[in-house]
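below are the sequence and a predicted model for it; my questions follow.
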Amino acid sequence: GSAGVAAAGWTKLADAVREVEAAAPELLEEYDAAKAARAAAGRAASDYEGDELHGGRWDWLAFVNRGVAEPGFRDEAPVAAALLERVPRLMTRAPFGHAFYSALGAGAAISPHTAATNLRLRVHVPLRVPEGDVAMRLAGEVARWTVGEALVFDDAFVHETWNRTAEDRVLLLFDVWHPELGDDEIEAVVAMLAEAGRRQ
């Protein structure tokens, strides 16, 4: 959690993660309200389009999707938006950057996989964790979520998640540029990605 990030010397990131952890009850209320509002309006419950890695339901309410901010999120989820905007080096401008409310449905699983890059760290801030067998295996070690206690990890290592309970597991997920990258290195990566995009 934030204590581990602080121990690594990444003080600014630790402060931001601590602020999100402290807001966990308010964030869960916001997520539940946003989901209910979508249902009442007849809108899709999720911004995510599934792929072969995922079995069962995995709902997203996305603030950053593939490096691009979703403008409607601030209206749906102003608390999360304000907190995420204060996270130093939130990963944007890169197709592997995300920030979203993540609800892994009852009985759902995400198969073992790795991130496309080790240029980021991924942060999970748990908001609702059902009792029972709901966990993540990262680099061979099982990690379990505790409400309000962040997991901060390098998802370039092989990882998988599962929810073998009857309720959704809900968290706020966000990616940050790896704290060991310099600002000049981040800008060089962004420029390289932009140039690659132009050549496609």
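Right, received. Where do you want to start?

mind picking out the helix or strand in this structure with the poorest mean pLDDT?
Ranked by mean pLDDT, DSSP states H and E, the helix or strand of the chain with the weakest confidence is strand 54-55, at a mean of 76.

and that strand, what does it pack onto?
Under the contact definition 3 or more C-beta pairs under 8 Å, 6 or more residues apart in numbering; DSSP states H and E, strand 54-55 sits against strand 109-113. From N, CA and C alone the C-beta is placed, and that goes for glycine too.

ok now the strand it packs on, how far from the chain's centre?
15 Å (C-alpha atoms, centre = their mean, to the nearest Å).

picking that back up, give the buried residues for the next helix or strand after the least confident helix or strand of the chain.
Downstream of strand 54-55, the next assigned helix or strand under DSSP states H and E is strand 58-65. In terms of neighbour count (16 or more other C-beta atoms under 10 Å), strand 58-65 has its buried residues at 58, 59, 60, 61, 62, 63, 64, 65.

now the angle from the host helix or strand of residue 36 to strand 58-65?
Element membership for residue 36, per DSSP H and E: helix 24-40. Put simply, helix 24-40 runs at 100 degrees to strand 58-65, going by axes from the mean of the first three to the mean of the last three C-alpha atoms, to 10 degrees.

pull the residues that contact helix 24-40.
Helix 24-40 is contacted from outside by 20, 44-45, 59, 61, 76-80, 83, 101, 103, 125-128, 147-148, 170, 172, using C-beta atoms under 8 Å, 6 or more residues apart in numbering.

for that helix, list every residue counted as buried.
24, 27, 28, 30, 31, 34, 35, 38.

need the pLDDT of the first one.
The pLDDT attached to residue 24 in the predicted structure is 98.

nearest residue to it in space, please, no chain neighbours.
Once flanking residues are discounted, residue 24 sits nearest to residue 148: 4.1 Å by C-beta to C-beta, 6 or more residues apart in numbering.

give me the buried subset of the contacts of helix 24-40.
Using 16+ other C-beta under 10 Å, the buried members of the contacts of helix 24-40 are 20, 59, 61, 76-77, 80, 83, 101, 103, 125-128, 148, 170, 172.
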